[in-house]
Structure formats: structure tokens, C-alpha cells
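Engineer: Sequence plus predicted model, see below.
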Amino acid sequence: MNMNYSQSWVVTGAAGFLGSHVVEKLLNCGESVIGIDNFFSGSKEFIKPFLDNPNFIFYEMDIRDVNELTVLFQNHQPSIVVHLAAIHFIPAAVADPTLTVSLNVHGTQCVLTAARVAGVKNFWFASTGDVYKPSELPHQEDSIIEPFNIYGLTKLMGEQLLKLESKHQPSAKFVIGRLFNLYGVRETNPHIIPEIIQQIRQQPNKPLFLGNLWPLRDMVPVEEAASAVIESIQKAPIGITTVNIASGVAHSMEELIEIMGKILGKPIEVKIDPAKIRSVERSHLQADVSKLKKLIGWTPHSDVYRGLKNLLMIEDSTQENLIT
């Protein structure tokens, strides 16, 4: 993964889960990065290590303030925008659809508008595998689109905004990255893997209380997703490119829990908590990653044992008594 670039980048959602990893990788390559976040779900702790880097400038602001955002873009004249800021946690999106539409749709248009005024010619947008119609088969980028929750719908609307923008800027480059299930350090939402780790820490000798365990999910190491984000905007052609960011392999939550038990050296007992069960749930979400491999030459790895072991070792280095 060669990322020796010399361009300036804007990353919205810079203090978030994926955003902090994108920022870290860019700074490690000597890139200039402008980070934007309002800490709605991002963490100040995630960007603290970058603040002393002379190549990093951070702005605490709401992307929906299009006037302030436009001034910022005009002042810095970035080469590339990576737009990650959004409500990503599905239960939170369902609980507040008005805010979700405001941040995910209106916010995206604000970033697009600021980028156009500033003459930005490279724009990467974080969409989701949740835009696809539920299927037991791996989703290709031209698979049927039919989101069934407000989160997927707002991301589809964001995709449509990019396609419209590309008509106004035929010489610019737009990448729609359909992200699947990321995992790793610096998670900002209570997804199942951080929930498992938290429960093990708090009550190491008691059963876990979780919701649905049967869904199959395409699990993607967040560090490699960040690399794929960076390389896909660099290597995509002019115009609109839509690409899955995934590993191409699906695992059940039961399988992940069993693997974590092996890593921790003890079986993990699970009890179903009715309060945690989602009433509407996809049974299978998996990507076809052949287009991603053709575009950037590689795909994120699907070795969840290795990925989870690395995650648990990092967690264990910050707090004791996790791995026996």
C-alpha cells in the first residue's frame, strides 16, 4: 500500500472512528490535513495525538454551517475532501430521523457546495452497504438498491447528491465508498464488538447479555478501510466511481464471539437480552470486492481471528486483565 502523496486533504468527521484512522495514515505519510469535527460522536482524545503535528490543523465546527465551511475551504484550498461526518449508528439514526436527514443529507450538500466554490476536484464520500436490497448473495456495486432504514436512505440520498454534483463538474473526481462493518480501536458507537469488550471488562466472570447473534456481516479492519479510502480517491478515474469497502467474507456474531473466547482463553457464555434485539435486521450483509481489488490492487483482509486478536491486545495494553 504505497501512499507517498503530496497533496492537502480535508477530512470531515476527523475525530471519529474511521476519520481518526484516515488522519493518522495521511499524517504518517507526511500529508497536510485539515480535520473538521463537532464532537457529536467523535472524541477529542482521538485527535489529541495529532495536534502537535505541524501538518495538521483542526477546526471544531458543524458541517451544516455552509458559509463558515466555504470560507475555510477557500482559505486552505485543499486538493482532496474525504467526507465522513454523519450519524452512522443505525439505532441512533432510527431514533432521530430528523437529525439524521439534517446531518447526513443537508450536511453532505454543504460540504459539496463548499468544495465546489473552492475548486476542489477530488471528493470521497462515505456511503454504506446498507443501501443495498437485502440479499443472501454478496453485493456488487450494481446490485439492486433498496435501503430499508433511515440511515441507508440518507446515504443513498448523499450518493445522489454526488452524482448530481458530478454533472456540474465533469472534470472532477467523485468516489462513493460503500463501507461495510468496520471494527478496531477508537470505536465511537456501541456496536457489538465494543459492547462485548466492555461487558467482559466490567463483569469478566458473568455471561454477556446481547441482542441478535445470527446475522452474517462483512467485517473490515478499520486501519485497512482507512488505507482503502485514501488509495481509492487517488486511483479512481475522473467522474463518479462507486466501490465497496469490505473484506468480501461474512461472519456471524456467534462465530466472532467464539473466536474471541479462544483468544481470551475461556469460553464466553451469552444470554439474549430482549431489550437489545433489533426488530428489523438484515440476515446477511456481504460485499463483492472484485471492483475494489481492480481499482487499488488489494482488499482489506478477512482474517477475523488476526484482526480481533490485534484489537484485544491493544485493549489489553491500555487496561489490564482482559487476555488471560
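Structural biologist: It's in.
Engineer: Just give the closest residue to Leu27, not the sequence neighbours.
Structural biologist: Leaving aside its chain neighbours, Leu27 sits nearest to Asn53 (5.4 Å; criterion: Cβ to Cβ, 6 or more residues apart in numbering). Yep, even glycine has a C-beta here, placed from its N, CA and C like the rest.
Engineer: what about that neighbour, neighbour count?
Structural biologist: Applying other Cβ atoms under 10 Å, we find 15 residues neighbouring Asn53.
Engineer: From Glu31, how far out is it?
Structural biologist: Asn53 sits 10 Å away from Glu31, going by Cβ to Cβ, to the nearest Å.
Engineer: Quick check, the residue nearest to Leu27 in contact with Asn28.
Structural biologist: No - the pair Asn53 / Asn28 is not scored as a contact, 9.7 Å apart, by Cβ atoms under 8 Å.
Engineer: in the stretch 101-250 of the chain, which spans are strands?
Structural biologist: Under the criterion DSSP state E, counting those that start in this stretch, strands of the stretch 101-250 of the chain are mapped to 122-128, 173-179, 181-183, 208-210, 216-221, 239-245, 250-252.
Engineer: Lowest mean pLDDT across these, which one is that?
Structural biologist: Mean pLDDT across these is lowest at strand 208-210; the value there is a mean of 90.
Engineer: Help me confirm that Ser34 is found in a strand?
Structural biologist: Let me fix one detail, which is that residue 34 is Ile and not Ser. Yes - Ile34 forms part of a strand when assessed by DSSP: H, G, I helix; E, B strand; the rest coil.
Engineer: In this structure it contacts Leu72, no?
Structural biologist: Yes - under the criterion of Cβ under 8 Å, Ile34 lies in contact with Leu72, with a separation of 7.4 Å.
Engineer: wait, doesn't Leu182 sit right on Val222?
Structural biologist: Yes - taking Cβ under 8 Å as the definition, Leu182 is a contact partner of Val222 at 4.5 Å.
Engineer: where do the contact lists of these two overlap?
Structural biologist: Each of Phe17, Leu18 lies in contact with both Leu182 and Val222 under the rule Cβ atoms under 8 Å, 6 or more residues apart in numbering.
Engineer: Is there a neighbour count for the closest residue to Leu179 other than its chain neighbours? I'd like the number.
Structural biologist: Setting aside the residues directly before and after it, Leu179 is nearest to Ile245 in space (Cβ to Cβ, 6+ apart), at 4.9 Å. By other Cβ under 10 Å, 30 other residues sit near Ile245.
Engineer: contacts for the longest helix belonging to the chain?
Structural biologist: Using DSSP state H to define each element, the chain has its longest helix at helix 150-168. Applying Cβ under 8 Å, 6+ apart, the external contacts of helix 150-168 come out as 86-88, 90, 93-94, 97, 100-101, 104-105, 108-109, 112, 116, 123, 125-128, 130-131, 145, 147, 172, 174, 176, 239-240, 242.
Engineer: So which bits of that helix are buried?
Structural biologist: Of the residues in helix 150-168, those buried under the neighbour-count criterion (16 or more other Cβ atoms under 10 Å) are 150-159, 161-162, 165-166.
Engineer: Stretch 224-242 too?
Structural biologist: Going by neighbour count (16+ other Cβ under 10 Å), the buried part of stretch 224-242 is 224-234, 236, 240-242.
Engineer: among those, which two are most distant?
Structural biologist: Of all pairs drawn from these, the greatest distance, 23.7 Å, lies between Glu224 and Ile240 (Cβ to Cβ).
Engineer: so the longest helix of the chain versus strand 173-179, what angle?
Structural biologist: Relative orientation of helix 150-168 versus strand 173-179 (axes from the mean of the first three to the mean of the last three Cα atoms, to 10 degrees): 170 degrees.
Engineer: Burial check on Thr188, number of neighbours?
Structural biologist: Neighbourhood size, Thr188 [other Cβ under 10 Å]: 21.
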